[in-house]
Structures are given as structure tokens and as C-alpha cells.
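Q: Make a model of this:
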Amino acid sequence: MHSMITNEYKEIVENKKGKVDVTPIANFFRNEIKEQITKIGGKPRMVAFLTTDDQGALDYSKWTKIACNKDGIEFILKRIERVDLEDAIIEANQDDDVHGIMVYYPVFGGMLDSYLQDVISPEKDVEGLSTTNRFNLYHNIRYLDKEMTKKCVIPCTPLAIVKIIEQLGIYRENVELGQALVGKEITIINRSEIVGRPLAAMLANDGAIVYSIDINGIIMFEAGKRYGTIKMVETKITKEEAMLKSQVLILGVPSPNYKVNSDLIKEGTVVINFAGCLNVDEDIDSKTILVPTIGKVTIAMLERNLMRLYNNQRLKKTLPPQDQLNQYQYYH
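A: Numbering: from 1, shown residues only. Here you go, the predicted model:
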């Protein structure tokens, strides 16, 4: 995969400047998914709950439905009142024909939304936001079972960003696990629990030094002394210093009024924007590698997560009852 996709961006990577269309990356994963579905002969089903009229959520649900329908996935969007959401999630948990559940957040905001994330069964948590999946991510646990047959699910947007970075030649190939980003420094301007913080942990797990920035300050993430652990360090480095040190700058500030000063971004930096609005001037691609949007890859990762859950559930059905029980106990 790596060489085939990278060929699409060869000129941009060699010149260290230009605008990246992520469609080839998304298409690669979607084609893999279509092949899997054809081979299996089943039809994975995802149920998505929408409780808001937010335009961003409406657009995301529209494009997700189009992609899923094209790829052989049944995508069911249910618009409901937010006070009915918990019951609807529980019903979907109990429905054997539903393989993945997602919710468009925010619903209530704050702790209540965190609670709703845990109402979704980890076995159907297509977005990887349950406590079980988040714990596994932060401790670099990659399988749900001792036999290492069921792979964990990772939040879609952080996973999409990792795949994009990989295809732009930032990752070292043919190295030991946890070493692919050693020597790289990365700045993320966003520390949300959905994208920024899990992404910082994932990149640190791969060996990078990550400067995680939000309105509360800067925290540095790096790999711990023991493999699979993350060390977080309060740092006195400034945002400007962090950006000038970094080979990759990742932006996710959901405000059209927020723009990073182009002078603070050094030439050749890979700039990835996952906010709904562009956090840099568009002409920054004259001196950097600019990825202005990542939505197509995020949807592809959502589909990929659904296939992982679908396969996990198919595996569970083939095991004897006692083995199912043992796996369930270990899983929690």
C-alpha cells in the first residue's frame, strides 16, 4: 500500500510543497472494504443517531451515507430527540443485525455526552469513544482478546490523520514497533478527547515528540520508558517554538476566525487541517505540504472500523458458548 499511494504524491513530497487531495488514500481503503464485503457475502449495518440540526453533522451524515451505500454497507440514519437517545442506543445494542453504532456529538455536552459514549456497547462502538476502547488506545493495547484475534477500534479522525501522515513519507518503514516516528516532532493545535488527545497518544506511541496545544496551555507527549506507555510533560516551550521545531503541524480549531501566522510555519512542513474551516491561509501550499481537508479518509476509517466490528461479531458467533463467555469476561 505504502508505495502505491505515495506515488500519487511523489512530486509534492519531493518538492516539499503543494496541496494534497486525500481522495486516493480514501479510495484505497474503501476498495479494500468493498472487496471484503464481496468476499464475505454479508451486509454490515451501521446505525447513526442525529439529535441536532448542526450543518456540519448534517453534511457528515449525508456524505457518510453516500459512501456506505456505494461500498455495500447499510447506513441507517435516525433523527431522534436527544432525551430519547439513551433508550435508542440500548435498543441498537441488543439488535444482532446492527454491527456498529455512532452518535453525532454534541448532544447535551459535557459529562452527559461522555456517559452516552459508554452506553454504546464496546462491541458496536464504531467511533472508538467508549472507555474500553479509549483505555486500550492510551495503553497501546491492540487486541481485545488474549488470542489476539479481535483488533481494537481507534477513533476515526485520529486514525485518518495517521494514515495520511504515513502516506506522505513521514513514517519510517521496516522498523520495530514504536520506532516509526523516532526523531520526529509534531504540533497539534487541539486537545479534544475525540481527536487531539488520542492523536497525540498514537503519534507518541510511534516514537514522536508531540506538542499538544489548546487554550489551557501546552503538554508534551512522548513514549514512556516502558513500551505501550505514554509520558505527558508540562513544558515551557511556546506555541511559536513548537511549530518551528515540528515537521508536521496538525490544526483543528473550529473557528473561521482562527488562523496560524504563515511566518511561524517553516518551509517543507506537512500541514494537516481537520477543522471544518481552514486554520491557515490557503497559499501556504507555496512553501508547505498542505492537506486542507481529511473528511474522505475519516469516512473510510469509519467504514474500516465497522468492518472490524463486523468481523469480531462473526468470530464470536463461531465460538463455543464457554469461549464466548471467557472472551467477554476478559474484554471487560
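Q: give the contact list for the nearest residue to residue 255 once chain neighbours are set aside.
A: Spatially, and ignoring its direct neighbours in sequence, residue 255 is nearest to residue 277 (6.8 Å; Cβ to Cβ, 6 or more residues apart in numbering). In short, each C-beta sits where N, CA and C put it, glycine included. Residue 277 sits next to 254, 255, 256, 258 when contact means Cβ atoms under 8 Å, 6 or more residues apart in numbering.
Q: what does residue 315 give?
A: Contacts of residue 315 (Cβ under 8 Å, 6+ apart): 149, 150.
Q: likewise residue 212?
A: 188, 191, 196, 197, 200, 218, 219, 220, 221.
Q: Go through these and flag which are in helices.
A: Judged by DSSP state H, the contacts of residue 212 include 196, 197, 200 as members of helices.
Q: Next, count neighbours for the second one.
A: Spelled out, that is residue 197. 23 (other Cβ atoms under 10 Å).
Q: hang on, it packs against residue 191?
A: Yes - with contact defined as Cβ atoms under 8 Å, residue 197 counts as touching residue 191 (5.2 Å).
Q: hmm, back to that, any chance of the contacts of residue 277 in TSV, plus neighbour count and secondary structure?
A: Formatted as TSV, the contacts of residue 277 follow (neighbours: other Cβ atoms under 10 Å; DSSP: H, G, I helix; E, B strand; the rest coil):
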residue	neighbour count	secondary structure
254	13	coil
255	10	coil
256	11	coil
258	15	coil
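Q: As JSON lines, those residues with distance to residue 226 and pLDDT would be great.
A: As requested, the contacts of residue 277 are exported to JSON lines (distance: Cβ to Cβ, whole Å; pLDDT from 0 to 100):
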{"residue": "254", "distance to residue 226": "35", "pLDDT": "91"}
{"residue": "255", "distance to residue 226": "39", "pLDDT": "92"}
{"residue": "256", "distance to residue 226": "43", "pLDDT": "91"}
{"residue": "258", "distance to residue 226": "37", "pLDDT": "95"}
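Q: got those as a markdown table, with distance to residue 167 columns?
A: Output for these, formatted as a markdown table (distance: Cβ to Cβ, whole Å):
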| residue | distance to residue 167 |
| --- | --- |
| 254 | 25 |
| 255 | 28 |
| 256 | 28 |
| 258 | 27 |
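Q: Could you look up the SS state of residue 83?
A: On the three-state scheme (DSSP: H, G, I helix; E, B strand; the rest coil), residue 83 is labelled helix.
Q: just to revisit the earlier point, looking at the ones in helices among the contacts of residue 212, which one is closest to residue 96?
A: Residue 96 has its nearest neighbour among those in residue 197, at 33.4 Å by Cβ to Cβ.
Q: contacting residues for the closest one?
A: 191, 212.
Q: how much space is there between it and residue 121?
A: Residue 197 sits 23 Å away from residue 121, going by Cβ to Cβ, to the nearest Å.
Q: now the helices for the protein?
A: Under DSSP H, the chain gives helices at 2-6, 10-15, 23-40, 55-71, 85-94, 110-119, 131-138, 156-167, 196-205, 239-245, 295-318, 321-331.
Q: Any chance you could list what contacts the second one?
A: Right, the one you point to is helix 10-15. Residues contacting helix 10-15 (Cβ under 8 Å, 6+ apart): 6, 18, 19, 20, 168, 169, 289.
Q: Any chance of these in a markdown table with distance to residue 308 and pLDDT as columns?
A: What follows is the contacts of helix 10-15, written out as a markdown table (distance: Cβ to Cβ, whole Å; pLDDT from 0 to 100):
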| residue | distance to residue 308 | pLDDT |
| --- | --- | --- |
| 6 | 24 | 61 |
| 18 | 33 | 96 |
| 19 | 31 | 96 |
| 20 | 26 | 96 |
| 168 | 24 | 93 |
| 169 | 26 | 89 |
| 289 | 30 | 97 |
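Q: Pull out the buried residues from these.
A: 6, 18, 20, 168, 169, 289 (16 or more other Cβ atoms under 10 Å).
Q: Among those residues, which one sits closest to residue 230?
A: residue 168 (23.6 Å).
Q: Next up, the contacts around that closest one.
A: 6, 9, 13, 20, 270, 289, 291 are the contacts of residue 168 under Cβ under 8 Å, 6+ apart.
Q: again, only using 10 Å
A: Neighbouring residues of residue 168 by Cβ atoms under 10 Å, 6 or more residues apart in numbering: 5-6, 9, 12-13, 20, 22, 25, 248, 270, 272, 289, 291.
Q: now do residue 57
A: 48, 50, 51, 103, 104, 105, 106.
Q: Please compute how far stretch 204-223 lies from its chain's middle.
A: Here stretch 204-223 is found 17 Å from its chain centre; the criterion is Cα atoms, centre = their mean, to the nearest Å.
Q: Out of the contacts of residue 212, which is nearest to residue 242?
A: residue 218 (6.6 Å).
Q: Could I get the pLDDT score of the closest one?
A: Looking at residue 218, its pLDDT is 96.
Q: Tell me how many other residues surround it.
A: Residues lying near residue 218 (other Cβ under 10 Å) number 20.
Q: isn't it right next to residue 245, touching?
A: No - assessed by Cβ atoms under 10 Å, residue 218 is found out of contact with residue 245, at 11.9 Å.
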